[in-house]
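In: mind looking at a prediction? Sequence and model below.
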Amino acid sequence: MQTIASTFFIPSVAHANAVDAESLSLQNGLLESRVLENVLSPPPYQMEGSDIYYPEYFNGLWNVFSTTTEVKAPCGIQLFGGNNTYARAQNEVNTSLRYKCRFVPSRPQGIVADREYNVIEIAKAAMGDNSVLEVPLSTPNKVSVILAPNGANQILKADLITIARRTENINSGEFHCSEVVRQVIGPAKPTNSGVGGGGARSTLLKEIETASLYTAVRNEKGDVTEIKCRQRSATFLLPSQQDPMAYKMWELSRGRPIDVRFYDVSYTRRT
């Protein structure tokens, strides 16, 4: 969850390869290897469910403490965004965000994340208490948010479109899951700049794979009062046909993520 389209582009980097029989029978352990081994190839899974259904012990409201532990630039600093962007990202290492997170029942399937609540809480922690103006849409496959981040000189619209997801129930205390989200951020009210104008170029378009490895911590009574998580986010470029520079950057990335970040996340149950 710690992670928040142009008109024309060729198929997404996360799904550049055709699905084969092997990819339809992926085994448990795939997500763990992608996180712990920092696998740089595009995710091989596609949309494996209508939502992420968590174990029953996730149900409820949690205090979350998320610490950035490492930032990598697999394709070099220039594709990461340049020296200033890379330096700012490195300054986030060993810093933490505190926010609340909620999971709710979705019968008969199980427990799901309260996406609207969680997106608002994370945005408030990262961008300011008054940064979220509206959440006009919140579904398992798309969340739209109107934002006014602290220090920004315009109101933004962020669309988070889930295009792939996977879950792995490892055992009674370990649960792994991942989603690939197409993130589209642009002005909430784009301005016209003439024929062939620059409105599309002001839109930031990327795909982010966020994989989470959860481990439940039980007290002496056997109740889960804390959940530990090792998390990895990997940002992939998309080959826009409207922006030659963006297309060239996509070519240079050769299907690898340009920005990889690792987090240690702790969930403590609120009483």
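Out: Nice, I can see it.

In: show me where the stretch 101-250 of the chain has strands.
Out: Remark: strands of the stretch 101-250 of the chain, listed N- to C-terminal, are 110-113, 132-138, 142-147, 156-171, 174-187, 204-218, 224-236; assignment by DSSP state E, counting those that start in this stretch.

In: the third one: partners in the sheet, and parallel or antiparallel?
Out: Note on strand 142-147: by DSSP bridges, its sheet partners are strand 132-138 (antiparallel), strand 156-171 (antiparallel).

In: try the last one
Out: Taking DSSP bridges as the criterion, strand 224-236 pairs within the sheet with strand 204-218 (antiparallel), strand 259-269 (antiparallel).

In: buried set for stretch 219-230?
Out: Within stretch 219-230, the residues that count as buried by 16 or more other C-beta atoms under 10 Å are 224, 227, 229-230. To be clear about C-beta, it is placed using only N, CA and C from the backbone, and glycine gets the same treatment.

In: ah, wrong one, I meant stretch 125-139
Out: Residues 125, 127, 131-132, 135, 138 are the ones in stretch 125-139 that count as buried (16+ other C-beta under 10 Å).

In: wait, what's in contact with E179?
Out: Residues near E179 by C-beta atoms under 8 Å, 6 or more residues apart in numbering: 52, 162, 164-165, 209-210.

In: helices and strands of the chain: which one has the lowest mean pLDDT?
Out: For the chain, scoring each helix and strand by mean pLDDT, DSSP states H and E identifies helix 244-253 as the least confident one, at a mean of 88.

In: okay, now the unreliable bits of the protein?
Out: Low-confidence segments of the chain, defined by pLDDT under 70, span residues 1-25, 190-203.

In: in the chain, which helix is the longest?
Out: Identified as the longest helix of the chain according to DSSP state H is helix 115-127.

In: quick one on the thing from earlier: quick one: which of the strands paired with strand 224-236 is nearest Q46?
Out: Minimum separation from Q46 across the strands paired with strand 224-236 (C-beta to C-beta) falls at strand 204-218, 12.2 Å.

In: the inter-axis angle of the closest one versus strand 174-187?
Out: Between the axis of strand 204-218 and that of strand 174-187 there is an angle of 150 degrees, by axes from the mean of the first three to the mean of the last three C-alpha atoms, to 10 degrees.

In: just to revisit the earlier point, extract the CA atoms of the longest helix of the chain and return them as CSV.
Out: Once non-C-alpha atoms are left out, helix 115-127 reads as follows in CSV (Å, rounded to 0.1, in the frame of the first residue of the first chain):
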residue,chain,number,x,y,z
ARG,A,115,-8.3,0.8,0.1
GLU,A,116,-9.9,4.3,0.4
TYR,A,117,-9.1,4.6,4.1
ASN,A,118,-5.6,3.3,3.6
VAL,A,119,-4.8,5.5,0.6
ILE,A,120,-6.0,8.6,2.6
GLU,A,121,-4.0,7.7,5.7
ILE,A,122,-0.8,7.1,3.7
ALA,A,123,-1.2,10.3,1.6
LYS,A,124,-1.8,12.3,4.8
ALA,A,125,1.4,10.9,6.3
ALA,A,126,3.5,11.5,3.2
MET,A,127,2.1,14.7,1.8
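
In: check which residues of that helix are buried.
Out: For helix 115-127, by 16+ other C-beta under 10 Å, it's 115-125, 127.

In: let me have those in CSV, extended by distance to I146.
Out: Shown next, in CSV, are the buried residues of helix 115-127 (distance: C-beta to C-beta, whole Å):
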residue, distance to I146
R115, 15
E116, 13
Y117, 16
N118, 17
V119, 12
I120, 11
E121, 16
I122, 15
A123, 10
K124, 14
A125, 18
M127, 12
